[in-house]
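Sequence below, structure please.
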Amino acid sequence: MVSPLAGFAPDAQTPVYVISVAAQLAGMHAQTLRQYDRLGLVSPSRTRGGGRRYSARDIELLREVQRLSQDQGVSLAGIQRIMHLEHQVGALQQRVDELLGELQRHRVEQARVFAAGAAGDVVAVRMGRRPARTLSVGQALVVWRPTDGSSSLRTSG
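Residues are numbered from 1 along each chain as shown. Predicted coordinates:
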């Protein structure tokens, strides 16, 4: 018989650990995890029955809260503020990345090069395009004859 979990490989966001296992992995008491959940510091997913399920990312957050609290002496209110600001910075960085991508796409779409048009004039065209070939209605003739060191230019048309 094949296990229903065969081939299941949770990622860092998949909630798989019950509170007792998460507490052991984080190196703290389950009651501390409950307190952190009440304060909104680390909020695990819930089962239909209301049981907490922690992900690997939640375990990392628990360890970070513990480090800030015990090693750095930061209060729980301070930790809440730090985590809120880190979340804001992450969201802003994601938005900056989106805007930079949009700007790059816009630059590529609007990139222009210059070429000689059908009438011999300079025209702007998009990169990778050629100027439209149109038949000129007018006829122009330019004659240049060198003379005694000066030049004369006559046009007709």
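
Okay, residue 109 and residue 128: tell me how far apart.
From residue 109 across to residue 128, the span is 11 Å (Cβ to Cβ, to the nearest Å). Quick note: C-beta positions are derived from backbone N, CA and C, even for glycine.

do the same with residue 34
61 Å.

can you pull the contacts of residue 55?
Applying Cβ atoms under 8 Å, 6 or more residues apart in numbering to residue 55 gives the contacts 10, 12-17, 44-45.

Among those, which ones are in strands?
residue 45 (DSSP state E).

quick one, strands of the protein?
45-46, 52-53, 112-116, 122-126, 141-146, 151-156.

Go through the contacts of residue 55 and name the one nearest residue 78.
residue 44 (21.9 Å; Cβ to Cβ).

any chance of the contacts of residue 55 in CSV, with distance to residue 95 and neighbour count too?
Shown next, in CSV, are the contacts of residue 55 (distance: Cβ to Cβ, whole Å; neighbours: other Cβ atoms under 10 Å):
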residue, distance to residue 95, neighbour count
10, 29, 12
12, 22, 10
13, 21, 10
14, 26, 14
15, 27, 18
16, 31, 14
17, 32, 21
44, 27, 22
45, 26, 14
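
will you turn the contacts of residue 55 into CSV that also has distance to residue 38 and pLDDT?
Putting the contacts of residue 55 into CSV (distance: Cβ to Cβ, whole Å; pLDDT from 0 to 100) gives the following:
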residue, distance to residue 38, pLDDT
10, 26, 73
12, 24, 80
13, 22, 82
14, 23, 86
15, 18, 82
16, 22, 85
17, 19, 91
44, 12, 93
45, 16, 91
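
wait, which of the contacts of residue 55 is closest to residue 121?
So of those, ranked by how close each gets to residue 121 (Cβ to Cβ), first place is residue 13, at 59.0 Å.

quick one: contacts for that closest one?
Here residue 13 is in contact with 55-57 (Cβ under 8 Å, 6+ apart).

at 10 Å what do you get?
45, 55-58 (Cβ atoms under 10 Å, 6 or more residues apart in numbering).

which of the residues you listed sit farthest apart?
45 and 56 (12.4 Å).

Pull up the overlap in contacts between these two.
With Cβ under 10 Å, 6+ apart, residue 45 and residue 56 have common neighbours 13-16.

Do I have it right that residue 15 meets residue 21?
No - assessed by Cβ atoms under 10 Å, residue 15 is found out of contact with residue 21, at 11.6 Å.
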